[in-house]
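Participant: I'd like to go over a predicted model; first the sequence, then the structure.
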Amino acid sequence: MVTAKRFLRNPPDDTEPMKDTLAQLPFDELVCQVRACTICAETLPYGPRPVVQLSQESRILVVGQAPGRRVHETGLPFNDPSGDRLRQWMGITRESFYDDRKLAILPMGFCYPGTGKSGDLPPRPECAPAWRNALLERLSNIGLTLVIGQYAHAWHLPDAKKSVTENVQNWRKYWPDVLPMPHPSPRNNLWLRRNPWFEEEVIPQLQERVSSLL
């Protein structure tokens, strides 16, 4: 099983494209290569279909885990109940959410990894070391990064703890540039009931920040 720690610190060495080559690519060509990626095709039960959204004008970056089955089928990121809750948390419409001049959406794994015994499998570990830095370096207008779930925490928070709850509790440490978040999935309803402070304290700050950026 891919743990968040392994995901961050032990990526497969043979899947990382040459950084110098990626840095020289025009942005549109880099994105085309990402969308045509087949690095881990043999491990994906439904085949590769990278789902990303980004523009060099994007103001907010949303970092999730990996597309779910519905997102894989539609090719639209967060096109599911998780996305409905995330848009509610952010206080924005679907139209704004899917405007790449406003939002970039780069999950830790770009393709649907399949389903395990307790839900979707973790994002494939090949994806982030292959593409992530090259893409992030081109997103120079980002004013806020929403870091959602343990795999995103492990990559984007330099001092991330194992506990998602602990990272989210320390949100002020990263604010206003970065916000560690729990996953908006309905599977996290129990977490939200146990941690009402998140929606009471953090969400109003998030909505104010989003509004100021967009």
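Facilitator: Received the coordinates, thanks.

Participant: who touches the spatially closest residue to Leu121 that is not a sequence neighbour in this structure?
Facilitator: Closest residue to Leu121 apart from its sequence neighbours, by CB to CB, 6 or more residues apart in numbering: Pro113 at 4.1 Å. Just so you know, the C-beta spots here come from the backbone N, C-alpha and C atoms, and that holds for glycine as well. Listed by CB atoms under 8 Å, 6 or more residues apart in numbering, the contact partners of Pro113 are 43-44, 66, 120-124.

Participant: just flag the most distant two among those.
Facilitator: Using CB to CB, the pair of the contacts of Pro113 lying farthest apart is Thr43 and Asp120, separated by 14.0 Å.

Participant: for Trp175, grab phi and psi.
Facilitator: phi -70, psi 140 (degrees, to the nearest 10).

Participant: that one: how many residues sit nearby?
Facilitator: When neighbours are counted by other CB atoms under 10 Å, Trp175 registers 15.

Participant: for Asn141, see how far away it is.
Facilitator: Distance of Trp175 to Asn141, computed by CB to CB, to the nearest Å: 19 Å.

Participant: closest to the centroid, which residue in this structure?
Facilitator: Val63 (2.0 Å; CA atoms, centre = their mean).

Participant: from Asn188, how far off is that one?
Facilitator: 16 Å.

Participant: one more: Gly47?
Facilitator: Counting by CB to CB - Gly47 and Asn188 are separated by 28 Å.

Participant: which one of those two has more residues nearby?
Facilitator: Asn188 (17 against 11).

Participant: compute the number of surrounding residues for the closest residue in space to that one that isn't next to it in sequence.
Facilitator: Sequence neighbours aside, Pro182 is the residue nearest to Asn188 in space, at 5.4 Å (criterion: CB to CB, 6+ apart). Close neighbours of Pro182, defined as other CB under 10 Å, add up to 18.

Participant: contacting residues around Pro182?
Facilitator: Pro182 neighbours (CB under 8 Å, 6+ apart): 148-149, 164-165, 168, 188, 191-192, 195, 198.

Participant: wait, doesn't Leu30 sit right on Arg132?
Facilitator: No. With contacts counted by CB atoms under 8 Å, Leu30 stays clear of Arg132, the gap being 11.9 Å.

Participant: now do the helices in the chain.
Facilitator: 4-9, 19-24, 27-35, 69-74, 81-90, 94-97, 127, 133-136, 150-156, 164-169, 189-194, 197, 203-213 (DSSP state H).

Participant: buried ones in the second one, by neighbour count?
Facilitator: Using 16 or more other CB atoms under 10 Å as the burial criterion, the residues of helix 19-24 that qualify are Leu22.
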